[in-house]
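J.: need coordinates for the below:
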Amino acid sequence: MLNETGGIDGQYNEERFLNQTKGIFDMDDELLLNEQIKMVAVFGEGLNPCRPVKFRRANCREVVITEIGLRHPCLKGKRMMHVFDVTDGQADYRIEFDAERLTWTLTREADHQDA
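T.: Numbering: from 1, shown residues only. Okay, here's the model as predicted:
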């Protein structure tokens, strides 16, 4: 007897499962990095006192940030890090600001996909 997943009772149909969940598990091609970058940022007041504007990578490529997604502080050991998810419209980036050392690091780069 077939069950609701299209397989025999006690089993599942892998192909049907993959078709039903298509898009849920799709992920961007993502590079994990640990690249020091030079950042231009605006510091001010309010709820988001730091706003990254653009950065230069080690290969001298300049990335102009067009949108800031999530920003959250976190601890790495005893150091406070501020993590930003940003995009330039072509790719998505995760950058970290080390509040103790006052340095910026590019930690991830992913292909940009519109929903």
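J.: how much space between residue 71 and residue 60?
T.: 26 Å (CB to CB, to the nearest Å). Quick note: C-beta positions are derived from backbone N, CA and C, even for glycine.
J.: those two: who's more crowded?
T.: Each of residue 71 and residue 60 has its neighbours counted (other CB atoms under 10 Å); residue 71 has more, 17 against 7.
J.: parallel or antiparallel, which strands does the lengthiest strand in the chain pair with?
T.: For the chain, the longest strand by residue count, based on DSSP state E, is strand 30-43. Note on strand 30-43: by DSSP bridges, its sheet partners are strand 50-56 (antiparallel), strand 103-111 (antiparallel).
J.: what comes up buried for the last one?
T.: Right, the one you point to is strand 103-111. For strand 103-111, the neighbour count (16 or more other CB atoms under 10 Å) marks 104, 105, 106, 108, 109, 110 as buried.
J.: correct me, but residue 51 touches residue 39?
T.: No. Taking contacts as CB atoms under 8 Å, residue 51 lies outside contact range of residue 39: 10.7 Å.
J.: picking that back up, residue 75 is nearest to which of the strands paired with strand 30-43?
T.: Evaluated over the strands paired with strand 30-43, closeness to residue 75 peaks at strand 103-111, with 15.3 Å, by CB to CB.
J.: I'd assumed residue 105 was in contact with residue 36.
T.: Yes. Between residue 36 and residue 105 a contact is recorded at 5.9 Å, counting by CB under 8 Å.
J.: what's next to the longest strand of the chain, contact-wise?
T.: Here strand 30-43 makes contact (CB atoms under 8 Å, 6 or more residues apart in numbering) with 49-58, 95, 97, 103-110.
J.: again, only this time at 7 Å
T.: The list of residues contacting strand 30-43 from outside it, by CB atoms under 7 Å, 6 or more residues apart in numbering, reads 49-58, 95, 103-110.
J.: what about residue 39, how many residues nearby?
T.: 20.
J.: show me what counts as buried in the longest strand of the chain.
T.: 33, 37, 39.
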